[in-house]
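**Student:** Next comes the sequence, and after it the predicted model I'd like to discuss.
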Amino acid sequence: QVQLQESGPGLVKPSQTLSLTCTVSGVSITTNYYYWTWLRQPPGKGLERMGFIRYSGTTYYNPSLRGRTSISRDTTKNQFTLRLNSVTPEDTAVYYCARRGIIAGTSVYDYWGQGTQVTVSS
């Protein structure tokens, strides 16, 4: 059974770097052809895709985050990590990791972590 679990601090100060790790079990993050994705949902707003790291190790980032995002992985621990630098209170959100796969020819997020609340405040 595939499971994803986010971990990291729940409170980050403005201008600091937010770092969250997603630990995956039940499948290797190098398995074709999954994309391991970070998303977030600020209070009262919709879900935003921040970026992903592919099974191959290459990455994509949402341009709206203006280069503040990086996603890396540790294949020995089967984890992938989000870093968001220069955070502001507008980065307060519930952060999710998810797996994106192809089912019946359609791209879907088929497994999710439970989400973790991150608040940016001094």
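**Tutor:** Happy to help now that I have it.
**Student:** C-alpha from now on. contacts and neighbour counts both.
**Tutor:** OK.
**Student:** mind listing what the closest residue to Thr88 other than its chain neighbours touches?
**Tutor:** What sits nearest to Thr88 in space, not counting adjacent residues and going by Cα to Cα, 6 or more residues apart in numbering, is Pro14, at 5.0 Å. If you count contacts by Cα atoms under 8 Å, 6 or more residues apart in numbering, Pro14 has them with Ser86, Val87, Thr88, Pro89, Val120, Ser121, Ser122.
**Student:** In which helix or strand does the closest residue to Thr92 other than its chain neighbours reside?
**Tutor:** What sits nearest to Thr92 in space, not counting adjacent residues and going by Cα to Cα, 6+ apart, is Thr119, at 4.6 Å. Counting by DSSP states H and E, the secondary-structure element that holds Thr119 is strand 116-120.
**Student:** Ok, Gly51 next?
**Tutor:** Using DSSP H and E, Gly51 sits in strand 48-54.
**Student:** what residues does that strand touch?
**Tutor:** In this structure, residues lying in contact with strand 48-54 by Cα under 8 Å, 6+ apart are 30, 33-41, 59-62, 65, 69, 71-73, 80.
**Student:** Give me the buried entries from these.
**Tutor:** Among the contacts of strand 48-54, those buried by neighbour count (16 or more other Cα atoms under 10 Å) are 30, 34-41, 59, 61, 69, 71-73, 80.
**Student:** Show me which of the residues you listed is closest to Cys97.
**Tutor:** The shortest distance between Cys97 and any of the buried ones among the contacts of strand 48-54, using Cα to Cα, involves Trp38 and amounts to 4.6 Å.
**Student:** State the number of residues packed around the closest residue in space to that closest one that isn't next to it in sequence.
**Tutor:** With sequence-adjacent residues excluded and distances taken as Cα to Cα, 6+ apart, Trp38 is closest to Cys97, at 4.6 Å. A count of nearby residues for Cys97, using other Cα atoms under 10 Å, gives 31.
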